[in-house]
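In: Whatever this is, show me its structure:
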Amino acid sequence: MDKSLRTTATVNCACGQVSVKAIGTPITCVVCYCDDCQEGARQIQSLPHAVSILEPDGGTAYLVYRKDRVTCLKGTSLLRNHKIREDSATNRVIATCCNSAMFLNFNDGKHWVDLYRSRCQGNVVPVQMRICTKFKPDGRTIPTDVPHYSRYPMSLLMKLLLAKAAMLLHQ
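Out: Now for the predicted structure:
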């Protein structure tokens, strides 16, 4: 990623009681259209006082950061994992104070955290790719502003692999 996109991303819940910070350059910024991201967004948005996290085209936008670059600044005790299925390794983490979607993390050892882009404050990194587009909602049109892929593209997998190597090398 371009060094000019180096940033500090702050994700705040709607009521301000929870704040999460990510430092450095994000691995990437994606919009995902997979069935799980759509269902997770629908479930979270159905909670009392929750705000929408779905994009108008039905995708969910994330800033992807290395796990070692993400910290909770305040409100840790208010964070709760939400799973769309009991056996899922994916945790959609919400702030229970106002049911704001904050980020995704994983129980299966993945080395990254996906911050909900819609919750990010300040100069937010632009979307770089759209993934799992074969699952887009019927009747929705996917913008052509960035590359889009029907599944997980090799370029995304390479970015994740390189991020893991950098993390292991403490870079």
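
In: dump the residue contacts of Ala14.
Out: His49, Val51, Ala95, Cys98, Ser100 (C-beta atoms under 8 Å, 6 or more residues apart in numbering). Yep, even glycine has a C-beta here, placed from its N, CA and C like the rest.

In: now the strands for this protein?
Out: Assigned by DSSP state E, the chain shows strands spanning 7-12, 19-24, 28-32, 60-66, 70-74, 79-82, 90-95, 100-106, 112-116, 120-121, 129-131.

In: contact partners of the last one?
Out: Contact partners of strand 129-131, identified using C-beta under 8 Å, 6+ apart, comprise 28, 30-34, 59, 142-143, 146-149, 151-153, 155-156.

In: could you redo the last one with a cut-off of 10 Å?
Out: Residues outside strand 129-131 that contact it (C-beta atoms under 10 Å, 6 or more residues apart in numbering) are 28-34, 37, 55, 57, 59, 61-62, 136, 142-153, 155-156, 159.

In: mind putting the contacts of Ala14 in TSV, pLDDT included?
Out: Below are these laid out as TSV (pLDDT from 0 to 100):
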residue	pLDDT
His49	93
Val51	91
Ala95	98
Cys98	97
Ser100	97
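
In: Tell me the one among these nearest to Val127.
Out: Val51 (19.2 Å; C-beta to C-beta).

In: re the thing from before, so which of the contacts of strand 129-131 are in helices?
Out: Cys37, Ser155, Leu156, Lys159 (DSSP state H).
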